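Undergrad: A structural model of the following input is requested.
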Amino acid sequence: MAPSLVDLWLAHGILGGGEDVPAAAFHLRLRPMETKRPTTPAAEEILGGYFPVLDHGFVSLVDYMGSDEDVERAARVSYGYGTRKVSQTRGLVRYLRRHRHTTPSEMVELKFHCAMPMFVARQWIRHRTACLAEGTEVYFDLPGGIRRRGSQLYKLRIEEIWDRFRPTVNRTRPERQRNPFFKRDRVKAMRLRQVDEDTGQLTHTRVVDVFKNGKKPVFRMILEDGKRIEATADHQFLFSDGWHTLRGATGLRQANRNAVWRAGDYMVHVNGAAEKIPAVYQDPVWLQREYRGHRRTIGEIADACGVSYHTIRKWLARYRLTEPGRGDFEKGHRPWNKGLTYRTGPKDLSHVSLAAIRKARSGPASNFWKGGVSGDRDSIGRWTTQAAPKVHQANGWTCQLCFERKGELHCHQIVPVWADMDLAREPSNLTTLCGDCHRAIQGRELDYVERLGGPPVKREWRPNPRVPWNRLEMSRLVRIEGFEFLGEKETYDLEVEGPHHNFVANGIVTHNSVNELSARYSLMPLLFYTPREQEFALQSRSNKQGREKGAPPEVYREAVERWERLRADAGGTYRWLLAEDVAREIARIDLPVSTYTQWYWKIDLHNLLHFLSLRVDPRAQWEIQQFARVIAGMVKRVAPLSYEAWVDYDLESRPLTRAERDILSRLVLADEDGVRARDGAAVGKDALKEAGLSNREIQELVEKLETPARPDFELDLSTMMSGEEVAAKMYEAVPGDFE
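TA: Model prediction:
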């Protein structure tokens, strides 16, 4: 088996790996190893080989798991390998495909490495397999919360993101609408929560695109902490041992409208806890070194620490590190109200003003918004506040120390929370104190426990030193409590920027289904797609998404010349920006969509066959047809019986409408003895229209009844290249000097 292309590129430094190694000097020799897993000889023959597509693209079968036997085993369950005849396996596989049984074919998985032009990639991933259900909330952080080193959470439902990505139309004044995608652009600029898979820290990324994938069977995953999310069984989540699909990690499947999974403890990462990190600007040694040693200004230190100018100024003054003439310390600046006592007059606010203030300070806009992550202190305080009216009523609205009824009452924990957490939510541990008594016993709560009727407490108070800290959210593990099958729901998926292709939804770390090469972190090979003259076509007049033959040769030649000029300019700009050490994510912004990109794609057999049904269709985009035909040839080698059934019952089958069945019943007679033509039966075009068929439907019926040529997607093994050959080609196309 040829080495992985990613390993080869890491050796060349193209994907940001270790030291650069010349392509000619890089070779791997792998010793053949025996395996106990089922394999298919025809698939093993092409495993790791690269088949060229278009002018610079390729498809490689990197790995596969399962074969036709696994499809049968999933359906029958009760037999081992080699105990059934091929004819029996073929019969069952065809039965399953004919009657639309999907779960058995989901047990076979294939992994591909592909390179294609960007515009083909965008068309490719219009079909997503792993999906999230409608209603899923995607977690963003507002800039104000990030500046304050806190959490200011903002949630958007995934279907709402889809709606915002659609272009808007100003029907009254179209000429006034400057940007129909302004809603999409605003979402793309928002800070989407993402987990750094190396450190576990919650960072931020951005939405690239959103995809609507139609109705699919959906399960609800329920966690012990109450979080829940609805997704297909093949969606990936970050488990304790890495990324897995729900089916792969737990064996989740649907049986008789119920969710069935393997027993066990399964832990997934969720939106997490706060980690304490000391604030470096409060370290006098560090602050003196930066301010006096490195002569950095107060503003520069504040920006580096992510705090305000006045915070750094305060700590410099506290440690007496100020210097005359630097900042506002020794300039004689005196606030106008320093040393003065004054009182502002009353300000009467209207109902409109009060409503505006409440709206501006409620929910995520509030300074006290926790973003859905509350500590024990907040939780206990909220519970105590809710229980206070009942406690005061039981005590007759009277302080239990001075036994006076006063206007200011507090609900007091008799045994302090720090002394016994088990009593923190115990109603009998609550009592009523007036404001004066509550303030008087502050710091001496243990002295009053027995007086207020509480049990003796032996634990001593040991105050922790108050260390200021900045909040960092870290992912944490939570156990899965169970699953529910919800039937079919509308599903969606997001594409996000790397390097970690995940995002936080419903508080749970979830993955998108394709890992694409990120030009933010890797150098793009400057390879561009140029269609051949026979594929260069005009816009179809009958189909807005189709092509029409007959493009003049001079138009093709002019198009090629224009493409070459544009690509030379874009490639030259890309090289220049990289040479000037400009960030790669900025350098790549003007590369055309004809630039080749690449990804690793993992998919189960059922969804892959559905993808191929859409993409090998003659009406699909021609370029993506070429990739789909190569992949279909690989499926033929991995699972030949499933491939045969797919061709017969999916690819070459044509559904009949009610009107079409009525027409055919006039022409043929079907009974227990078979099917035969009716004597003298004929249906003309006028009769077809009377039956309710339009001109296009009549044409489609004629096409359905034509005898089709059986498609053959056999691979041409003479074109298969090794990983070393492909890596060398890509290596040469990457700008820069790696030697």
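
Undergrad: only C-alpha atoms for contact and neighbour calcs from this point on.
TA: Will do.

Undergrad: residues of the longest strand seen in the chain that come out buried?
TA: With DSSP state E setting the assignment, residue counts place strand 469-496 as the longest strand in the chain. When burial is assessed from 16 or more other Cα atoms under 10 Å, strand 469-496 yields the following buried residues: 470-486, 489-496.

Undergrad: Any figure for the gap between residue 710 and residue 96?
TA: According to Cα to Cα, to the nearest Å, residue 710 and residue 96 sit 21 Å apart.

Undergrad: Which one of these two is surrounded by more residues?
TA: For residue 710 versus residue 96, the count of surrounding residues by other Cα atoms under 10 Å is larger for residue 96: 20 against 10.

Undergrad: what helices or strands is the helix or strand that one falls within leaning on?
TA: Under the assignment given by DSSP states H and E, the secondary-structure element containing residue 96 is helix 86-98. Using 3 or more Cα pairs under 8 Å, 6 or more residues apart in numbering; DSSP states H and E as the contact criterion, the elements in contact with helix 86-98 are helix 68-76, helix 640-646.

Undergrad: Which one of the ones you listed has the poorest average confidence?
TA: Taking each of those in turn, the one with the lowest mean pLDDT is helix 68-76, at a mean of 79.

Undergrad: and it with helix 86-98, angle?
TA: 70 degrees (axes from the mean of the first three to the mean of the last three Cα atoms, to 10 degrees).

Undergrad: Buried ones in helix 68-76, by neighbour count?
TA: Applying a neighbour-count criterion of 16+ other Cα under 10 Å, the buried positions in helix 68-76 are 68-75.

Undergrad: Stretch 601-621 too?
TA: Those buried within stretch 601-621 under the rule 16+ other Cα under 10 Å are 601-609, 611-613, 615-617, 621.

Undergrad: any idea how far the residue most central in space within the chain is from residue 248?
TA: Using Cα atoms, centre = their mean, the residue of the chain that lies closest to the mean C-alpha position is residue 512, 3.8 Å off. Residue 512 sits 16 Å away from residue 248, going by Cα to Cα.

Undergrad: what's the neighbour count on residue 527?
TA: Around residue 527 there are 22 other residues, counting by other Cα under 10 Å.

Undergrad: now swap in residue 62 and tell me
TA: Applying other Cα under 10 Å, we find 23 residues neighbouring residue 62.

Undergrad: Where does it fall, secondary structure wise?
TA: Following DSSP H and E, one finds residue 62 within strand 57-65.

Undergrad: about what we covered before: go through the buried residues of stretch 601-621 and flag which are in strands.
TA: 601-604.

Undergrad: With pLDDT and distance to residue 255 as extra columns, can I get the residues you listed in a markdown table?
TA: Supplementary listing: those in a markdown table, determined by pLDDT from 0 to 100; distance: Cα to Cα, whole Å:
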| residue | pLDDT | distance to residue 255 |
| --- | --- | --- |
| 601 | 80 | 28 |
| 602 | 77 | 25 |
| 603 | 80 | 22 |
| 604 | 81 | 19 |
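
Undergrad: ok, so of these, who is nearest residue 39?
TA: Set against residue 39, the nearest of these by Cα to Cα is residue 604 (16.1 Å).

Undergrad: partner residues bridging the nearest residue to the closest one once chain neighbours are set aside?
TA: With sequence-adjacent residues excluded and distances taken as Cα to Cα, 6 or more residues apart in numbering, residue 604 is closest to residue 109, at 4.1 Å. With DSSP bridges as the criterion, residue 109 is bridged to residue 65, residue 604.

Undergrad: show me what contacts residue 109?
TA: Residues near residue 109 by Cα atoms under 8 Å, 6 or more residues apart in numbering: 64-66, 602-605.

Undergrad: Could you check how far it is from residue 94?
TA: Separation of residue 109 from residue 94 (Cα to Cα) stands at 19 Å.

Undergrad: Same question for residue 194.
TA: From residue 194 across to residue 94, the span is 43 Å (Cα to Cα).

Undergrad: neighbour-wise, which of the two wins?
TA: Neighbours per residue (other Cα under 10 Å) separate residue 194 from residue 94, with residue 194 holding more: 29 against 19.

Undergrad: Contact partners for the more buried one?
TA: Listed by Cα under 8 Å, 6+ apart, the contact set of residue 194 reads 202-205, 500, 502-504, 509.

Undergrad: So among those, where is pLDDT lowest?
TA: residue 500 (75).

Undergrad: buried set for the helix holding residue 96?
TA: Within helix 86-98, the residues that qualify as buried are 89-90, 92-94, 96-97, counting by 16+ other Cα under 10 Å.

Undergrad: swap in stretch 193-206?
TA: Within stretch 193-206, the residues that count as buried by 16+ other Cα under 10 Å are 193-196, 201-206.

Undergrad: just stretch 684-704 next, same as before
TA: Along stretch 684-704, the positions that meet the burial threshold by neighbour count (16+ other Cα under 10 Å) are 688, 693, 697-698, 701.

Undergrad: roughly how far apart are the residue nearest to residue 55 when sequence neighbours are not counted and residue 119?
TA: Distances taken as Cα to Cα, 6+ apart place residue 529 nearest to residue 55, at 6.5 Å, with adjacent residues excluded. Relative to residue 119, residue 529 is positioned 10 Å away (Cα to Cα).

Undergrad: Can you work out which residues contact both of the two?
TA: Here residue 529 and residue 119 share the contacting residues residue 594, scored by Cα under 8 Å, 6+ apart.

Undergrad: returning to that earlier point: quick one: which of the ones in strands among the buried residues of stretch 601-621 is nearest to residue 639?
TA: Taking Cα to Cα as the measure, residue 604 is the one of those closest to residue 639, at 11.9 Å.

Undergrad: What strand or helix carries residue 138?
TA: Under the criterion DSSP H and E, the helix or strand holding residue 138 is strand 137-141.

Undergrad: just to revisit the earlier point, make CSV out of the ones in strands among the buried residues of stretch 601-621 and add distance to residue 435.
TA: Rendered in CSV, the data for those read as follows (distance: Cα to Cα, whole Å):
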residue, distance to residue 435
601, 65
602, 64
603, 65
604, 66
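
Undergrad: Give me the neighbour count for residue 48.
TA: Applying other Cα under 10 Å, we find 24 residues neighbouring residue 48.

Undergrad: Can you report phi and psi for it?
TA: Summarising the backbone geometry of residue 48 under the convention degrees, to the nearest 10, its torsions are phi 90, psi -10.

Undergrad: Check the one 5 residues further on too.
TA: Torsion angles at residue 53 (phi, psi; degrees, to the nearest 10) stand at phi -140, psi 140.

Undergrad: Do I have it right that it meets residue 114?
TA: No. Proximity of residue 53 to residue 114 does not meet the contact threshold set by Cα atoms under 8 Å, at 9.5 Å.
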